[in-house]
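1. A structural model of the following input is requested.
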Amino acid sequence: MDLTKLFLAFSLIGGKGILYLLFVLSVVSITIIVERFLYFRGNRPKHADFEQQFLSLIRRQKKDEALWLSNTEEGPEARCAKAALSASKEGSEAMEQAFSSQISNEQAAMEKRLLILG
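-> Predicted structure coming up:
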């Protein structure tokens, strides 16, 4: 067998393998992108003025109503507010700790599988 034909045959086999690998990685990437899109779309607050309503209730010191509002909303903002308000009876340090912990949880959920995309 001619050496040129041997290298040509080897490169064709290797080329197909690389193309299959690139195709599989592209499918994985697109799947992650779609999943993240659906995650972020599903985690939007129901009402665009949640933050304003929440801050208004807190300024008027209506914690129970603010907690109810955060329970009725979806999204990371509402879950962080709920965590802080749920810990309000233990003091401001407990509120801050609960809030920080919930922020870390939300950040981890938002960044899930994004490392694969590079």
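
2. which helix of this structure spans the most residues?
-> Determined from DSSP state H, the single longest helix within the chain is helix 3-42.

3. Tell me the buried residues in it?
-> Along helix 3-42, these residues count as buried under the neighbour rule (16 or more other C-beta atoms under 10 Å): 32, 36. Backbone N, C-alpha and C define where each C-beta goes, glycine included.

4. Next SSE downstream of that helix?
-> Towards the C-terminus, the helix or strand next in line after helix 3-42, according to DSSP states H and E, is helix 50-59.

5. In this protein, where is pLDDT below threshold?
-> In the predicted model of the chain, residues 1, 14 satisfy pLDDT under 70.

6. if we go to 80?
-> 1-2, 6-18, 45-47, 118 (pLDDT under 80).

7. Show me what the longest helix of the chain is packed against.
-> Secondary-structure packing of helix 3-42 (3 or more C-beta pairs under 8 Å, 6 or more residues apart in numbering; DSSP states H and E): helix 92-110, helix 114-117.

8. hmm, who's touching the longest one?
-> The list of residues contacting helix 92-110 from outside it, by C-beta atoms under 8 Å, 6 or more residues apart in numbering, reads 39-40, 76, 79-80, 82-88.

9. how far does that helix sit from the chain's center?
-> Averaging C-alpha coordinates over helix 92-110 and over its chain gives two centres that are 15 Å apart (C-alpha atoms, centre = their mean, to the nearest Å).

10. again with stretch 65-82
-> 17 Å.

11. So for it, what gets flagged as buried?
-> Across stretch 65-82, burial judged by 16+ other C-beta under 10 Å covers 66-67, 69-70, 73, 75-82.

12. would you turn those residues into TSV with distance to Gln102 and secondary structure?
-> Supplementary listing: those in TSV, determined by distance: C-beta to C-beta, whole Å; DSSP: H, G, I helix; E, B strand; the rest coil:
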residue	distance to Gln102	secondary structure
Ala66	15	helix
Leu67	14	helix
Leu69	16	helix
Ser70	11	helix
Glu73	14	coil
Gly75	12	coil
Pro76	8	helix
Glu77	10	helix
Ala78	10	helix
Arg79	6	helix
Cys80	5	helix
Ala81	9	helix
Lys82	8	helix
